[in-house]
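> here's my sequence, what's the structure:
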Amino acid sequence: HVMKVKEQEALTFAETSSRFAISMSSLMRWARKLHPVMKRSKPASKISSEALLQDIRNCPDSYLYERAQRLGVSTTGIIHAMKRLKITHKKNFSASRSR
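Here you go, the predicted model:
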């Protein structure tokens, strides 16, 4: 929004900085890259997709923290890796009740 106003009103960086109370370095950074980066440009390096898939086949009912311990990574890393592979795990809420 700030850069759009700068262009529309033909303001300099100094004038824009004082008008919106933003540092000059922020304005320069925004001018270089107007569109946000939405994707990584490198592959995942710590969790092997093949190792994760093999672990899921071997132990399908494991908790995420157990899977993370076996693979030597964090639980959050397992969550992101499973999301990357489009694997979801739904809990069975209609499990039998003990009497």
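> which ones are touching the residue nearest to residue 70 when sequence neighbours are not counted?
Closest residue to residue 70 apart from its sequence neighbours, by Cβ to Cβ, 6 or more residues apart in numbering: residue 55 at 6.1 Å. In short, each C-beta sits where N, CA and C put it, glycine included. For residue 55, the contact set (Cβ atoms under 8 Å, 6 or more residues apart in numbering) comprises 62, 67, 70, 71.
> please repeat the previous calculation with a cut-off of 10 Å.
Neighbour list for residue 55: 47, 48, 62, 66, 67, 68, 70, 71, 78 [criterion: Cβ atoms under 10 Å, 6 or more residues apart in numbering].
> now residue 51
Going by Cβ under 10 Å, 6+ apart, residue 51 touches 70, 71, 72, 73, 81.
> and the first one, which of the three is it?
Secondary structure of residue 70, reduced to three states by DSSP: H, G, I helix; E, B strand; the rest coil: helix.
> low-confidence regions, the chain specifically.
34, 37, 40, 43-44, 90-99 (pLDDT under 70).
> and the residue nearest the centre of it?
Centroid-nearest residue in the chain, with Cα atoms, centre = their mean: residue 80, separated by 7.8 Å.
> buried only: go through the contacts of residue 51 for me.
In those, burial by neighbour count holds for 71, 73, 81, counting by 16 or more other Cβ atoms under 10 Å.
> distance to residue 16 for the contacts of residue 51 - can I get that in a markdown table?
Output for the contacts of residue 51, formatted as a markdown table (distance: Cβ to Cβ, whole Å):
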| residue | distance to residue 16 |
| --- | --- |
| 70 | 53 |
| 71 | 49 |
| 72 | 49 |
| 73 | 44 |
| 81 | 42 |
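> of those residues, which is the nearest to residue 13?
Nearest to residue 13 out of the contacts of residue 51 is residue 81 (Cβ to Cβ; 42.4 Å).
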